[in-house]
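**Q** Predicted model and sequence follow; I will ask about them next.
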Amino acid sequence: IAVIYLVIDLLFRDLKLYQKYLSAAAIVLFFFAYYFHPFFSDPLYLYSTEDIKQWKTLITHVENSPHAEKILNGEMPIAAELANEVRLQSWQGGSPIGDLYPEENIKRIEQLLPYLDTNSNSWRVLFLKPLFMSAIHMNVALIIFIVLFFGYQYKKDPPQGAYIDKIMFLFLLYCSMEIIHNWGFIKSIEWSSFAEMFGVGQYITVAIELLMVLFFSLRLQFITSVQGEFYETELATNPQHISRWRDWIDNLVLAQFSNYKLFNGRLFHDPSRK
């Protein structure tokens, strides 16, 4: 909601405050319902996915065959051998709709083989895969809106609240890391390997969150000052009559990478000068 609101506020400044909040909430609710409605319409949805149904068929066959002892000894059966013994089905809505073709059958068995070792709890990765895929889709949608935000900023160059662009950039990094974490989960074969990778990735996510705390604090400090209160009021009422606020990060970038005295655009305007 925070990300979508900032995009709507940038694109449609003439909307009233409650209209912006309602629009942001409606957009987020739409995407949330689209990607997560199966989990609410059917509390046991994860048990009815095609991956789990096919895995259950395969594991049931293996546990009742001589292959079970091989797996206990750490030896996985050959996919071609299993394909001759069991035919997996295609599933939709929790119901079978037909047997797989031989080529597709052996391909699916090869994909499901790593999840047959129940001692490593690898089946939990397969079981939770749809949930993490939905989270990935939500974060991809957010990234699209963030790119729209920066694209509009680049094209129109409207004045923006202090530190807003930095906060949005951190949201971009945060959503990207969420995608990497969730995708890493889906591609993990063993639960333990995912837990280790997830633990390492969380250090980066926590660092981004700490930077968010920093910039939210800087923005709060700014908007509660006399100068900041005046700027934000003018931004809300007469944005066409003011120039963009330049914070200390903008000054640092200009000092390091360019001679900003040559520029007179709004981005490079020094608010301390009259």
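**A** Arrived safely, thanks for sending.
**Q** Could you check how many residues crowd around Leu46?
**A** 17 (other CB atoms under 10 Å). Where C-beta positions appear, they are placed from N, C-alpha and C, glycine not excepted.
**Q** is it true that it touches Leu126?
**A** No - counting by CB atoms under 8 Å, Leu46 does not reach Leu126; the two are 9.8 Å apart.
**Q** so what sits against both of those two?
**A** Common neighbours of Leu46 and Leu126, using CB atoms under 8 Å, 6 or more residues apart in numbering, are Ile52.
**Q** Quick one: residues contacting Ala141.
**A** Ala141 makes contact with Phe31 under the criterion CB under 8 Å, 6+ apart.
**Q** That one: helix or strand, and which one exactly?
**A** helix 123-156 (DSSP states H and E).
**Q** I'd like the mean pLDDT over the helix or strand just after that helix, please.
**A** For helix 123-156, the succeeding helix or strand toward the C-terminus, using DSSP H and E, is helix 164-187. Averaged over helix 164-187, pLDDT sits at 90.
**Q** What ranges does the stretch 1-150 of the chain have for its helices?
**A** With helices called from DSSP state H, counting those that start in this stretch, the stretch 1-150 of the chain shows them at 2-11, 17-41, 50-63, 67-72, 79-83, 102-112, 123-156.
**Q** Pull out the buried residues from the helix holding Ala141.
**A** Across helix 123-156, burial judged by 16 or more other CB atoms under 10 Å covers 123, 125-132, 134-139, 141-143, 145-146, 149, 153.
**Q** quick one: that helix to helix 102-112, angle?
**A** Between helix 123-156 and helix 102-112, the angle comes out at 90 degrees (axes from the mean of the first three to the mean of the last three CA atoms, to 10 degrees).
**Q** From the chain's centroid, how far away is helix 123-156?
**A** 4 Å (CA atoms, centre = their mean, to the nearest Å).
**Q** do stretch 174-193 as well
**A** The answer for stretch 174-193 is 11 Å, by CA atoms, centre = their mean.
**Q** who's in contact with that stretch?
**A** 114-115, 120-122, 124-125, 128-129, 132-133, 135-136, 139-140, 142-143, 146, 194, 197-198, 201-202, 204-205, 208-209, 212.
**Q** 7 Å instead, please
**A** 114, 120-122, 124-125, 129, 132-133, 135-136, 139-140, 142-143, 194, 197-198, 201, 204-205, 208 (CB atoms under 7 Å, 6 or more residues apart in numbering).
**Q** Show me what counts as buried in that stretch.
**A** Neighbour-count burial for stretch 174-193 [16+ other CB under 10 Å]: 174-182, 184-185, 188, 190.
**Q** which one of those sits closest to Val7?
**A** The shortest approach to Val7 among these belongs to Cys175, at 13.2 Å (CB to CB).
**Q** Please name the nearest non-neighbouring residue to the closest one.
**A** Counting by CB to CB, 6 or more residues apart in numbering, Cys175 lies nearest to Asn139, which is 4.4 Å off, once chain neighbours are set aside.
**Q** same question, Phe216
**A** Of all residues not flanking Phe216 in the chain, Ile167 sits nearest, at 6.9 Å (CB to CB, 6+ apart).
**Q** Leaving out the residues flanking it, which one is nearest to Glu229?
**A** Nearest to Glu229 is Ile223, by CB to CB, 6+ apart, at 6.5 Å.
**Q** and the one you found, how many neighbours?
**A** By other CB under 10 Å, the residues close to Ile223 number 16.
**Q** That one touches Tyr231, doesn't it?
**A** No - the pair Ile223 and Tyr231 does not pass the contact test of CB atoms under 7 Å, sitting 8.3 Å apart.
**Q** Can you give me the first-to-last residue distance of stretch 90-99?
**A** Start-to-end span of stretch 90-99 (CA to CA, to the nearest Å) is 6 Å.
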